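Student: got a predicted model here, sequence first, then my questions.
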Amino acid sequence: MAASAVTTATTDSSSTQRKPQQNGKLDTTSSASAGAGDQNDALEKDFFWTYTEEPHRTRRMAIIKAHPEVTKLCGPEPLTKWVVLGVVSLQFLLAHLLRDTSFFSWKFWLTAYVFGATCNQNLFLAIHEISHNLAFRSPTANRLFAIIANLPIGVPYSASFRPYHLTHHKSLGVDGLDTDLPTAFEALFLDSILGKAFFCTFQIFFYALRPMAIYRVPFTWVHWLNLFVQLAFDYAIVYLLPDSLFTANSLLYFIFSSFLAGSLHPTAGHFIAEHYVYEKITPEARNPDNKIPVPETFSYYGPLNWVTYNVGLHNEHHDFPAIPWTRLPKLYEIASEFYEGLPQHRSWTHVLWQFIFDEEIGMRCRVKRKVGGRVVGGGSVSAKQQQQQQQHQAKEAGWGDDEIEA
């Protein structure tokens, strides 16, 4: 597509130079057409930049106005803590059973892929729920319980995830704040089938390391406690507990399960499915000056929601972050007229396949904003970003007291 646009522009430009003057004027139609072609070509190679407000605040207020009873769905879900403890216990059991199994055996890999990756993806998303204070009413209890959910993941993660994720909600698509967005460097070097396959295989590392490259949050007592508890747990498994319970292989099982959970695994499809743009976008919508909203959040209503805390209901979650996983289907039922027409995915596995092999879908298929939002957790951004935030403060739409938020 890009090559043909360039070719056409070149041909048109040459013909303009050869045309004789008519009535003392040059025919500039071809050159104008070439300029428009170059502009469209440039837009097609870039992210979807927009000046529009993220859609979730507007829809949240409209839903509350139409169905005020949805606010009663907000609040902690007591079932969450029991599900977490059950999955943590299952991972402990599997790590115990694999303590003497070679890493290179089919039994180890099959167990890690089928059970371990699914369990740890479940725990990733349990920590996601807990980050919104949806396991307990006490914020401190949620912070501490997230550290317990973190144990089978093998690396300290829960404390750092929360401020970055809440900033993702407050600053959806804002370049330099939303660390869920791929960087320009990623888009440049991974914009190919091999590059996208590499990204999907190792996306867990991108999500772990990218935030620190964009901005850093302060280290709090929760971070120190998460780090200490996780490292102490890992050390105990390898060196302190008897080999009849756990060995180094057990810890390897935990970490390998976490890697697979963020790799080419069906449940890992949600990372891409949530906010990458899979819709065909017209040239008019690509031009940010036209202020045509581009769909930037996609839901999934399939069976994998059963093991992922209904994270597939992602429009619903962004509209109402304070509604727990068990009540998101009820939100959809109550406000179905707001959700039925939105674009959705039918398979996370197909999402991964299409992302890798479809030339029109790739790292740049994300909606980005220059300004807006805010940092959660006291993180520091660049002086340039701060200046942009201050200049546009009057235009930003804040989250008022009358809204339902995390």
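Tutor: Cool, got the structure.
Student: show me the shaky parts of the stretch 51-200 of the chain.
Tutor: Applying pLDDT under 70 to the stretch 51-200 of the chain flags no residue at all.
Student: what ranges does it have for its helices?
Tutor: Assigned by DSSP state H, counting those that start in this stretch, the helices in the stretch 51-200 of the chain fall at 55-66, 79-97, 106-111, 117-131, 139-150, 158-170, 184-189, 193-201.
Student: make a markdown table out of these and add distance to Lys72 and mean neighbour count.
Tutor: From N, CA and C alone the C-beta is placed, and that goes for glycine too. Below are the helices of the stretch 51-200 of the chain laid out as a markdown table (distance: least, Cβ to Cβ, whole Å; neighbours: other Cβ atoms under 10 Å):
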| stretch | distance to Lys72 | mean neighbour count |
| --- | --- | --- |
| helix 55-66 | 11 | 17 |
| helix 79-97 | 17 | 17 |
| helix 106-111 | 42 | 14 |
| helix 117-131 | 19 | 25 |
| helix 139-150 | 21 | 19 |
| helix 158-170 | 21 | 23 |
| helix 184-189 | 41 | 14 |
| helix 193-201 | 39 | 17 |
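Student: quick one: which of the ones you listed is nearest Ala208?
Tutor: Distance to Ala208, taken as Cβ to Cβ, is lowest for helix 158-170 among the helices of the stretch 51-200 of the chain, at 8.8 Å.
Student: name the helices or strands packed onto the closest one?
Tutor: In terms of contacts (3 or more Cβ pairs under 8 Å, 6 or more residues apart in numbering; DSSP states H and E), helix 158-170 is packed against helix 117-131, helix 139-150, helix 221-235.
Student: closest to Val367 out of those helices?
Tutor: With Cβ to Cβ as the yardstick, what comes closest out of those is helix 117-131 (21.0 Å).
Student: about what we covered before: include distance to Ile64 when you put the helices and strands packed on helix 158-170 into CSV, please.
Tutor: Output for the helices and strands packed on helix 158-170, formatted as CSV (distance: least, Cβ to Cβ, whole Å):
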stretch, distance to Ile64
helix 117-131, 22
helix 139-150, 24
helix 221-235, 32
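Student: out of these, which gets nearest to Pro68?
Tutor: Ranking those by their distance to Pro68 (criterion: Cβ to Cβ) puts helix 117-131 first, at 24.4 Å.
Student: who's in contact with the closest one?
Tutor: Residues from elsewhere that reach helix 117-131 (Cβ atoms under 8 Å, 6 or more residues apart in numbering): 77, 80, 83-84, 87-88, 90-91, 94, 135, 142, 145-146, 149-150, 152-153, 157-158, 161-162, 165-166, 254, 257-258, 260-263, 265, 267-268, 307-309, 311, 324-325, 406.
Student: with only the CA atoms kept, save stretch 294-312 in PDB.
Tutor: Provided in PDB are the C-alpha atoms of stretch 294-312 (Å, rounded to 0.1, in the frame of the first residue of the first chain):
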ATOM      1  CA  VAL A 294     -11.200   5.700  16.800                       C
ATOM      2  CA  PRO A 295     -12.200   2.700  18.800                       C
ATOM      3  CA  GLU A 296      -9.500   2.100  21.400                       C
ATOM      4  CA  THR A 297     -10.900  -0.500  23.800                       C
ATOM      5  CA  PHE A 298     -12.200  -3.900  22.700                       C
ATOM      6  CA  SER A 299     -14.100  -6.500  24.700                       C
ATOM      7  CA  TYR A 300     -14.200 -10.300  24.600                       C
ATOM      8  CA  TYR A 301     -17.100 -12.300  25.800                       C
ATOM      9  CA  GLY A 302     -15.700 -15.900  25.300                       C
ATOM     10  CA  PRO A 303     -15.000 -18.800  27.700                       C
ATOM     11  CA  LEU A 304     -11.500 -17.700  28.700                       C
ATOM     12  CA  ASN A 305     -13.100 -15.100  30.900                       C
ATOM     13  CA  TRP A 306     -13.800 -17.900  33.400                       C
ATOM     14  CA  VAL A 307     -10.100 -18.100  34.200                       C
ATOM     15  CA  THR A 308      -9.200 -14.500  33.800                       C
ATOM     16  CA  TYR A 309     -11.500 -12.600  36.200                       C
ATOM     17  CA  ASN A 310     -13.700 -11.400  33.200                       C
ATOM     18  CA  VAL A 311     -10.900  -9.100  32.000                       C
ATOM     19  CA  GLY A 312     -12.300  -9.600  28.500                       C
END
